[in-house]
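Student: With the sequence up front, the predicted model follows.
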Number of protein chains: 2
Amino acid sequence: MNKSLRIFAPATVANLSCGFDVLGCCLDTVGDEMVVSLTPDPEVTITKIEGANLPLESHKNVAGVATKALLKKYNKEVGVNIEIYKNIKAGSGIGSSAASSAGAVWAVNRLLNSPFTNHELISFAMEGEKLASGNAHADNVAPALLGGFTLVRSYEPLDVIKLHTPEDLMVTVIHPQIEVKTSDSRSVIKHRVSLKKAIQQWGNVGGFIAGLYTNNYQLIGRSLEDVIIEPLRSILIPEFDAVKETALSKGALGCGISGSGPSIFALSKGEKTANLVAEAIRDVYSKTGLEFDIHVSKINNQGIKILS
Amino acid sequence: MNKSLRIFAPATVANLSCGFDVLGCCLDTVGDEMVVSLTPDPEVTITKIEGANLPLESHKNVAGVATKALLKKYNKEVGVNIEIYKNIKAGSGIGSSAASSAGAVWAVNRLLNSPFTNHELISFAMEGEKLASGNAHADNVAPALLGGFTLVRSYEPLDVIKLHTPEDLMVTVIHPQIEVKTSDSRSVIKHRVSLKKAIQQWGNVGGFIAGLYTNNYQLIGRSLEDVIIEPLRSILIPEFDAVKETALSKGALGCGISGSGPSIFALSKGEKTANLVAEAIRDVYSKTGLEFDIHVSKINNQGIKILS
């Protein structure tokens, strides 16, 4: 039995335009590294965090809180130490806290010889999300843990479905390094929506999922439409409309807000288009004077990976 | 070239709980017959209607109006005569008007050597629906024309997707012969809904469609939940709750209102369960003193069929 694992904990894109709070997908080339070890003392410790200014106290750190949720259910005396090497910036909208929460519980579970399924790990990782945002959402931790595209069909009871991933789907993400306060990003959302728009939205969710299962890239593209949240939240993201228009003009299937932003994602068929999209939106953003990162990634159908 | 076709025009179940206004499926053993013929005079005539008290004037009859919409686009002088033998009762909620509209345009298209695809026929048949209900909806005509399960992803532009149909899915339908006025059935619907419930609904639409593509009957069942329309409309249907409870207790995967009611549908895996469900809800309804019909059908993956 391994006593220590070095893992890759991937970034994720939640919502995917039409699927607010239910859809998400897992990235392949963007993510953190973590070293998770079993220790003799029955405590959860975090001894190293590089790349981010995050608390080492395990009850204040999402990875610590998620690990403790797992160990509480496991109900045997286990000690865990965690080191976190962050590449995903906090507040970027590509699942930074989810990567740490999901990575921690996934590695601990492996070190314990997998007493839990990956599906079962979701609820532990959600405790980390609750610490991070006050809301135990699953739309980032689910794709991090299961890989590919995931659907959170229901929260009560929790019911997460791993969907089919068409092979040629690629993601381009731009992360403008501005701070969008969670409170602002939430306050623009209205608690009641028109039934007409809700029907459009669930038509698109249906179309998107049918598109995934039939490898119908055009249908996936047509379905990447958000008539409810994007019109409200996009105003918080500089040059959102220009980025979207540019991405679509370069052949992206669709483009929208990643999670609650400020990152913007685009889906494309094939690496060539995804790179073209990246270059073009780089040009758009270069003119703003804002700092930004751009990532191009295929869909990671595996999720978290062991590095050593 | 045939000058005349006798066809089977199937009943359909729209909405399917979670998929209000977007989902529908096609039945196999319930439907009308129609005889559609090309005639020398460039007019649309309806010379016979049996089984229902419907107008023979072609501009007042859904089959006539749908046919005229097709011929207008076809833009050549063609005469059509239609005979309709109704088995689907008007106002039953299983697509009576849709069967006539869809059947007429499908047969005329065949007689003209198929200048239009079945997808293209949908918009003509929708003109019949507009006459019937004031609303050119597609969620009954689409499954009648395409067969199986269909999704209306979008109306503007019209985008209808034929979904995958798991082989063992069966439908049980009970039609209580009460009149629910369309105005009543509409007036109970609220034009604004809570975002929380809308999210639940699109999670279920996603789950339902994922269930269809993966032949996951349990997932289909869990997803057959309507938190928005059913709680409001079911009060117009006598013994709805008792029928639903009974159907589920006998093994139905799910149960809900067919279209805008008053018919109630249940989906089951396998004919045996579908028949058990039929017997049990027959017992429930026998006690009410109301007249009712019960149908058991597999999903008709073909749609409209030529009889001779």
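Tutor: Structure's in. What do you need? Since the structure is predicted, the reported quantities are computational estimates derived from the model, not experimental observations.
Student: any residue of stretch A:248-255 up close to chain B?
Tutor: No. Using Cβ under 8 Å from any Cβ of the partner chain, stretch A:248-255 never reaches chain B; the gap is at least 13.3 Å. For every residue, glycine as well, the C-beta is placed using N, CA and C.
Student: If we go by neighbour counts, what in that stretch is buried?
Tutor: A:248, A:250-255 (16 or more other Cβ atoms under 10 Å in any protein chain shown).
Student: any chance of those residues in a markdown table, plus pLDDT and secondary structure?
Tutor: As requested, these are exported to a markdown table (pLDDT from 0 to 100; DSSP: H, G, I helix; E, B strand; the rest coil):
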| residue | pLDDT | secondary structure |
| --- | --- | --- |
| A:248 | 98 | helix |
| A:250 | 98 | coil |
| A:251 | 98 | coil |
| A:252 | 98 | coil |
| A:253 | 98 | coil |
| A:254 | 98 | strand |
| A:255 | 98 | strand |
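Student: and the two most separated of these?
Tutor: Within the buried residues of stretch A:248-255, A:250 and A:254 form the most distant pair, 12.4 Å apart (Cβ to Cβ).
Student: intersection of neighbour lists for these two?
Tutor: Common contacts of residue A:250 and residue A:254 (Cβ atoms under 8 Å, 6 or more residues apart in numbering or on different chains): none found.
Student: picking up where we left off before, could you export the buried residues of stretch A:248-255 as JSON lines, including distance to residue A:112?
Tutor: Converted to JSON lines, the buried residues of stretch A:248-255 look like this (distance: Cβ to Cβ, whole Å):
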{"residue": "A:248", "distance to residue A:112": "46"}
{"residue": "A:250", "distance to residue A:112": "46"}
{"residue": "A:251", "distance to residue A:112": "46"}
{"residue": "A:252", "distance to residue A:112": "42"}
{"residue": "A:253", "distance to residue A:112": "40"}
{"residue": "A:254", "distance to residue A:112": "40"}
{"residue": "A:255", "distance to residue A:112": "41"}
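Student: Quick check: of these, which lies closest to chain B?
Tutor: Taking Cβ to the nearest Cβ as the measure, chain B lies nearest residue A:254 of the buried residues of stretch A:248-255, at 13.3 Å.
Student: Find the nearest non-adjacent residue to the closest one, please.
Tutor: Nearest non-adjacent residue to residue A:254, counting by Cβ to Cβ, 6 or more residues apart in numbering or on different chains: residue A:224, 2.5 Å away.
Student: Ramachandran angles for the one you found?
Tutor: Note on residue A:224: backbone dihedrals following degrees, to the nearest 10 are phi -80, psi 70.
Student: from what I can see it touches residue A:17, true?
Tutor: Yes. Applying Cβ atoms under 8 Å, one finds residue A:224 in contact with residue A:17, separated by 4.5 Å.
Student: hang on, the earlier thing: go through the buried residues of stretch A:248-255 and say which is closest to residue B:153.
Tutor: Distances from residue B:153 to the buried residues of stretch A:248-255, taken by Cβ to Cβ, are shortest for residue A:254, at 13.3 Å.
Student: quick one: contacts for the closest one?
Tutor: A:17, A:220-221, A:223-225, A:248, A:266-267.
Student: Those residues in strands, which ones?
Tutor: A:266-267 (DSSP state E).
Student: Let me know the closest of the contacts of residue A:254 to residue A:175.
Tutor: Once Cβ to Cβ is applied, the member of the contacts of residue A:254 that ends up nearest residue A:175 is residue A:266, at 12.8 Å.
Student: now the strands for the stretch 201-308 of chain A?
Tutor: A:254-257, A:264-269, A:292-298, A:305-306 (DSSP state E, counting those that start in this stretch).
Student: The lowest-mean-pLDDT helix or strand in chain A near chain B at all?
Tutor: Here the helix or strand of chain A ranked lowest by mean pLDDT, DSSP states H and E is helix A:182-187, holding a mean of 79. No. Residues of helix A:182-187 are not located near chain B by Cβ under 8 Å from any Cβ, the shortest gap being 11.5 Å.
Student: Please consider this matter closed, and thank you.
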